[in-house]
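[1] coords please:
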Amino acid sequence: MPIKVLKDLPAKKVLENENIFVMDNARAMSQDIRPLRIIILNLMPTKEKTEEQLLRLLSNSPLQIEITLLTMESYNSKNTSKEHLNSFYKIFTDIKDKKFDGLIITGAPVEKLKYEEVEYWEELSKIMEWSKVNVYSIFHICWGAQAGLYYNYGINKELLNEKMSGVFKHTIIDNKIPLVRGFDHEFLVPHSRNTTVNIEEYQKVDDLVVISTSKEAGVYLAMSKDGRRIFVSGHSEYDCDTLKKEYDRDREKGINPKIPVNYFPEDNPEKEPISTWKSHAHLLYSNWLNYYVYQRTPFDINEI
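    Okay, here's the model as predicted:
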């Protein structure tokens, strides 16, 4: 089944060229089925690329999914045109009286700031509070996960000595949890961040369950005991060349970054990287949609 998006969204054409089934509003209206309503709060600077990455993963499901894109009203994006935002995005005041089956909160390049110093923290806090009664399940990614841990549980992040960038091996603590159903015993995930949350901080909170960790990258997956809040510290949605683009960008800025770990063949930045994490990424998102949204959310969405 397809994901449902606005007809002229640029990501729609990109995904169709990859033979991914995408449906526009007109065709979806002819199907007698209630689609899952998923809202994506896109905090990434390269919003169009993030749209492609997330929609690609959400499409790998037998469910019909209606996507709403959300941007911050209290922040002016410097890397995405106003035309694109005005055409395809909503702001919180547009959707605050609606119910959604799922919410994805992306990462953001603000992790070195204290949360209260982030320009849109007050608005983000309102959205996270609103989601407690208006969204069935929330999927937090990278800085979005750290922000969710801080807002909901008072867990603060810790600044790393150097940026964590690379593709790291992970293992599963409890393979009976549906979120990791079908995962291999070991799997790879990209990380790109300057901060972390130590496992001891998760373990102090009775409501949190740690699901997957890495010796090098720390906690990767955790969730609330009821499964309605999922916290993902890495970037399973990244394209094959995303870490390369970040590395090249930092080199051009004179930051002198370290070569991403376990990413370039033979650790040679002149060689093209290959993807080693996409099968797990698709499984993670399809498991979330199936076991934590579709199987649990009420048919009458107003009952959320």
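[2] can we go C-alpha only for contacts and neighbour counts from here?
    Noted.
[3] show me what contacts Gly218?
    By Cα atoms under 8 Å, 6 or more residues apart in numbering, the residues touching Gly218 are 196-199.
[4] quick one: it from Asn152, how far?
    In this view, Gly218 and Asn152 are 20 Å apart by Cα to Cα, to the nearest Å.
[5] Can you give the contact residues for stretch 78-98?
    Under the criterion Cα under 8 Å, 6+ apart, residues 6, 9, 45-48, 68-73, 127, 130, 134 lie in contact with stretch 78-98.
[6] Endpoint to endpoint, it covers what distance?
    One end of stretch 78-98 to the other measures 28 Å (Cα to Cα).
[7] residues of it that come out buried?
    Neighbour-count burial for stretch 78-98, counted by 16 or more other Cα atoms under 10 Å, picks out 85, 88-92.
[8] Which of those sits closest to Glu52?
    Phe88 (13.4 Å; Cα to Cα).
[9] Please report phi then psi for the closest one.
    Phi and psi for Phe88, reported as degrees, to the nearest 10, are phi -120, psi -10.
[10] where along the stretch 101-250 of the chain do the strands fall?
    Using DSSP state E, counting those that start in this stretch, the strands of the stretch 101-250 of the chain run over 135-141, 158-172, 186-196, 208-214, 218-224, 229-232.
[11] Any chance of the ones you listed in CSV with mean pLDDT and distance to Ile274 as columns?
    Listed next are those as CSV, based on pLDDT from 0 to 100; distance: least, Cα to Cα, whole Å:
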stretch, mean pLDDT, distance to Ile274
strand 135-141, 98, 22
strand 158-172, 96, 11
strand 186-196, 97, 12
strand 208-214, 98, 21
strand 218-224, 98, 21
strand 229-232, 98, 22
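[12] so which of those comes closest to Phe299?
    Here strand 135-141 is closest among these (Cα to Cα), at 11.6 Å.
[13] Who does that closest one pair with, and is each partner parallel or antiparallel?
    Sheet pairing of strand 135-141 (DSSP bridges) gives strand 100-105 (parallel), strand 229-232 (parallel).
[14] So what's the gap between the longest one and the chain middle?
    Here strand 100-105 shows a centroid-to-chain-centroid distance of 10 Å under the convention Cα atoms, centre = their mean, to the nearest Å.
[15] can you offset everything so residue one is 576?
    Sounds good: first residue 576 from here, last item strand 675-680.
[16] Could you export that strand as CSV, CA atoms only?
    Extracted in CSV, the C-alpha atoms of strand 675-680 (Å, rounded to 0.1, in the frame of the first residue of the first chain):
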residue,chain,number,x,y,z
PHE,A,675,-2.9,11.8,14.7
ASP,A,676,-1.9,8.1,14.9
GLY,A,677,1.8,8.9,14.9
LEU,A,678,4.3,11.7,15.2
ILE,A,679,7.9,11.7,14.0
ILE,A,680,10.2,14.4,15.6
